[in-house]
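Enquirer: Got a predicted structure here, sequence first:
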Amino acid sequence: MIKHLILLLFIGLVFWGCEEEQETTPTVDEWWEDYLDYQYLDLGGNNLTGDFPPEIGDMTNLIELALYNNELTGPLPPEIGNLTNLTYLNLYDNQLTGSIPPEIENMTNLTYLSLGANPLTGPIPSELWNMTQMNYLYLNYTELTGSVPSEVGNMTNMIDFILHDNHFSGDIPPEIGNLTKMELLYLRNNEITGSIPREIGDMTNLAYLSLSSNQLTGSIPSEIGNLNNLLGLNLFNNELTGGIPLEIWEMTNLVALNLFHNKLTGSLPQEIGNLTNMTMLKLHDNELNGEIPESLCELNITWSDTNRFRIYNNHFCPPYPSCIENYVGYQDTTNCN
């Protein structure tokens, strides 16, 4: 009851203002009745504490609910599924525990869901993949497990799909290529295995693709070269093999390319000079070889900045392009002529 009163008190401060003097103090029931008809509720960053109140499920007129950056605890109650008019739910950065309730499927108008930065556990409920109206899904920095199932292909309206820094495992399903409206795909820092599906090349609206720090194997599919709108490609800290596809050197909008800490082989072609918008290139700790073409100097990189350029621990052979001759770092030149 006290926690309930604290939540309602903050609601009152936001929507009614804080009057210094009141003739009477409303009861908890009166507070609650005052806000049942609200459509927009934003209490983000108010240091709210206590368990997430199941009574929020009574606020069926809500369209947007934001309780981010608080210290709310306990599980998400199944009553949250009663908010069938809700389009926006942001509970980011609290201390919510337990699993995501399957009743969330009942929120058929929800297009924005952020539950990140909470110690939630268990798999993503299968019901969530039926929410085909979803545009923005943020489940990063949690303790969620399980895999990304083939049903993700149902989410064809998805724009941001943010699942990084969790414990997801298994393969990336090829059905993910159905999400052709997607602009951000972040699966980094998980335990994902298998190869990168070539169907990712169908996601031509992607601006940022981050699959780094997983356990991916196999080669980089040439179909990634179809992503002409891509600005950032992060595949580092995996076990990828084979050469860097020539198609990548035709992706002229690329600003950042990070492929370090893999087992990539082969040489860099003259076409690398096409990437004149690139400001970050990190290829270190691979097995790349051969001479580096002078066209590399066409890139828009501050070569002395180690946060922007690294190619050490490869097998590149001298002579090196003039722009980087002082910044190549250690190279195993045993097999160079």
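Expert: In hand now; what should we look at? Residues are numbered from 1 along each chain as shown.

Enquirer: Pull the number of nearby residues for the closest residue to Asn178 other than its chain neighbours.
Expert: Nearest residue to Asn178, sequence neighbours excluded (Cβ to Cβ, 6 or more residues apart in numbering): Gly153, at 4.0 Å. C-beta coordinates here come from the backbone N, C-alpha and C atoms, glycine included. A count of nearby residues for Gly153, using other Cβ atoms under 10 Å, gives 16.

Enquirer: Over to Gly153. Which of the three states is it?
Expert: Counting by DSSP: H, G, I helix; E, B strand; the rest coil, the backbone at Gly153 sits in helix.

Enquirer: Please enumerate the helices of the stretch 1-150 of the chain.
Expert: 2-16, 28-35 (DSSP state H, counting those that start in this stretch).

Enquirer: least reliable of those going by mean pLDDT?
Expert: Of all those, the minimum mean pLDDT falls on helix 2-16 (a mean of 36).

Enquirer: Gly50: neighbour count?
Expert: Gly50: 16 surrounding residues under other Cβ under 10 Å.

Enquirer: right, and it touches Asn94 too?
Expert: No. Between Gly50 and Asn94 there is no contact under Cβ atoms under 8 Å: 10.7 Å.

Enquirer: okay, and the common contacts of these two?
Expert: Contact criterion Cβ atoms under 8 Å, 6 or more residues apart in numbering; residues shared by Gly50 and Asn94: 72-73.

Enquirer: ok, the residue nearest to Asn178 - contacts?
Expert: So Gly153 contacts 173, 175-179 (Cβ under 8 Å, 6+ apart).

Enquirer: Generate the ChimeraX command that creates a selection of the buried members of those.
Expert: In ChimeraX, this line selects whichever of the contacts of Gly153 come out buried by 16 or more other Cβ atoms under 10 Å:
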select :173,175,176,177,178,179
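
Enquirer: of the contacts of Gly153, closest to Ile248?
Expert: Gly177 (18.0 Å; Cβ to Cβ).

Enquirer: Look up phi and psi at the closest residue to that closest one other than its chain neighbours.
Expert: The shortest distance from Gly177 to any non-neighbouring residue, by Cβ to Cβ, 6+ apart, is to Glu199 (2.8 Å). Note on Glu199: backbone dihedrals following degrees, to the nearest 10 are phi -70, psi -20.

Enquirer: Would you convert the contacts of Gly153 into a markdown table that also reports distance to Pro54?
Expert: Output for the contacts of Gly153, formatted as a markdown table (distance: Cβ to Cβ, whole Å):
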| residue | distance to Pro54 |
| --- | --- |
| Pro173 | 34 |
| Glu175 | 35 |
| Ile176 | 34 |
| Gly177 | 39 |
| Asn178 | 35 |
| Leu179 | 33 |
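
Enquirer: remind me which residues of the stretch 51-200 of the chain are low pLDDT?
Expert: Nowhere does the stretch 51-200 of the chain drop to pLDDT under 70.

Enquirer: Closest to the centroid, which residue in the chain?
Expert: By Cα atoms, centre = their mean, the chain has its centre lying nearest to Ile162, at 2.7 Å.

Enquirer: what are the bridge partners for that one, then?
Expert: Ile162 forms beta bridges with Tyr138, Tyr186, as assigned by DSSP bridges.

Enquirer: surely it meets Asn135?
Expert: No. When contacts are counted by Cβ under 8 Å, Ile162 is not listed as touching Asn135 (11.9 Å).

Enquirer: Ile56: what's it in contact with?
Expert: Ile56 touches 62, 65, 77, 79-80, 83, counting by Cβ under 8 Å, 6+ apart.
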